[in-house]
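>>> Give me coordinates for this.
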Amino acid sequence: MKKFVDRNKELSFLEDEYQKKASSLVIIYGRRRTGKTALLSRFLQDKDGLYFLASEESETVNRNNFAAAALEYINVECSDTNKEQTVNFHVWDDIFRYILMKKEKPLILIDEFQYLGKVNPAFPSILQRIWDTLLKDSSAMVVLCGSLISMMKSQTLNYSSPLYGRRTGQLRLRQIPFSYYHDFMPELSYEKQIERYAVTGGVPKYIEMFVDYENIYDAIQHNVLNSSMFLYDEPEFLLQNEVEDIGSYFSVIRTIAQGAHKLGEIALRLEISQDSLASYLDTLIDLDILEKEVPVNERNPEKSKKVLYRIKDNYILFWFRFVYPYKGQLEIGNQEYVMKRIREHLIDHHISYVYEDICRERLMHLDLNLMKVGRYWEKDIEIDLLGINEDERRIVFGECKYWIGQVGMNIMTALQEKSKCVRWHEGDREEIFVLFSIHGFTKELKEYAAAKENIRLMQ
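Modelled structure (predicted):
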């Protein structure tokens, strides 16, 4: 199964860039397996364009391969009787110059662009020269796409990059939101979609691996705990090309996965200084693995001291909770021991937390005109969902329950009590209460909510 899901905004952006009469230089980047190549393929499907996949081979090999792709792009046949095939490209400039001679509207897409800068650190400068002297004043559209975030930023986006200021636009492909998950597997129930999303997240390649399994545990055992499958050591693969000291980064992620979320607590467990820890956290945030969270009602979130660090990637969170700690057992073939742990704790220790993120996304799309949605915590008080509209002074309090039974009046009463502790326009605000429950609500709570205009029950 290979489905092209979502990405409509990204496609529309690329189409707009392509329709420009002037030249266009677009940067596309994002972690592996999020569908960047699929996006390029869909964009190219009705166009005459050159697609080139760079490799970690030498610059000469890459240049020769690019030249061959260019000759094919301009319909030059490689035969002894064809004079054009005798053109020798010893420098990159000549290849681009030749394309411009033959194509009125050149479309050039270079995938895994970062490898060109890896084999030759001067390549961004070479491309800058080509852009400034040849491409800038043409009608060409050039797309540079890459999956190593740190390299793509240093080579194309950072101020120190020779290409800085040349791009006309950039796209960072992130994971697909849960609201589109049903497009991959529309035949599954809402609950089963949540189960799979809790493990695969919104990474298309991961989702494809789980499609043929009706049971989430069978899918995990075959695709994750099997050492011959790529998901078995995927987090190691993702990080090894982005950071040097992978062991230290793994220690940070595992500590957070085990429940330490405050800077001081993480540093204490790792026995390192908070200043040293901060650089690791910043890098992991930049790689879309962690996120920094503050209570949503904070007036100055950038100065808040109530910062928590959370793993935002569902698969990495799952892997560090249920795979990494038991790698020893898996290496000796003891899958059943690990599967027993997963069966016992997957719902309470993992899916229930991911369910909060899903409910947060749903809350944002309700007709409440919320400007911000997040969580709230203060000392011993936690509220799963808090949404605010500053202009209308509307505040929404929410709880999410992913458990077997129905949610009853006790949860509503507790939420109403906790709401009194939230300091935000007290006495002059519109309060709305929203409860999410995967298995519904008791008759008593339904009747209570039906009589109140400010209560919503969401299943």
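>>> And for Asn446, nearest residue in space, chain neighbours not counted?
Quick fix: residue 446 is Lys, not Asn. Among residues not flanking Lys446 along the chain, Leu457 sits closest, at 6.7 Å (Cβ to Cβ, 6 or more residues apart in numbering). For every residue, glycine as well, the C-beta is placed using N, CA and C.
>>> Just give me the neighbour total for that neighbour.
18 (other Cβ atoms under 10 Å).
>>> any idea how far it lies from Lys401?
11 Å (Cβ to Cβ, to the nearest Å).
>>> do Phe113 as well
Taking Cβ to Cβ, one finds Phe113 at 46 Å from Lys401.
>>> Which one's more surrounded, those two?
Between Phe113 and Lys401, counted using other Cβ under 10 Å, the more crowded position is Phe113 (28 against 21).
>>> hang on, that one packs against Ser147?
No - using Cβ atoms under 8 Å, Phe113 is not in contact with Ser147; the gap is 9.5 Å.
>>> thinking again about what came up before, now find how far off-centre the host helix or strand of the residue nearest to Lys446 is within its chain.
Using DSSP states H and E, Leu457 maps to strand 455-458. Computed by Cα atoms, centre = their mean, to the nearest Å, the separation of strand 455-458 from the middle of its chain amounts to 30 Å.
>>> ok, and Val396, which helix or strand is that part of?
Here Val396 is assigned to strand 394-401, by DSSP H and E.
>>> list the helices and strands that strand packs on?
On a contact count with 3 or more Cβ pairs under 8 Å, 6 or more residues apart in numbering; DSSP states H and E, strand 394-401 meets helix 352-364, strand 381-389, helix 409-419, strand 430-437.
>>> what is the orientation angle of that strand with strand 430-437?
Interaxial angle of strand 394-401 relative to strand 430-437 (axes from the mean of the first three to the mean of the last three Cα atoms, to 10 degrees): 20 degrees.
>>> Pull strand 394-401 out as CSV, backbone CA atoms only.
The C-alpha coordinates for strand 394-401 follow below in CSV (Å, rounded to 0.1, in the frame of the first residue of the first chain):
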residue,chain,number,x,y,z
ARG,A,394,-13.1,32.1,26.3
ILE,A,395,-11.3,29.3,28.2
VAL,A,396,-11.9,25.6,27.6
PHE,A,397,-11.0,22.9,30.1
GLY,A,398,-10.8,19.3,29.0
GLU,A,399,-9.9,15.8,30.1
CYS,A,400,-9.1,12.8,28.0
LYS,A,401,-9.8,9.2,29.1
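>>> Quick one: mean pLDDT for that strand?
In this model, strand 394-401 has a mean pLDDT of 97.
>>> residue contacts, the residue nearest to Phe4 when sequence neighbours are not counted?
Nearest non-adjacent residue to Phe4, counting by Cβ to Cβ, 6+ apart: Arg42, 5.5 Å away. Neighbouring residues of Arg42 by Cβ atoms under 8 Å, 6 or more residues apart in numbering: 4, 7, 11.
>>> any chance of those residues in a markdown table, with pLDDT too?
Formatted as a markdown table, the contacts of Arg42 follow (pLDDT from 0 to 100):
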| residue | pLDDT |
| --- | --- |
| Phe4 | 76 |
| Arg7 | 89 |
| Leu11 | 94 |
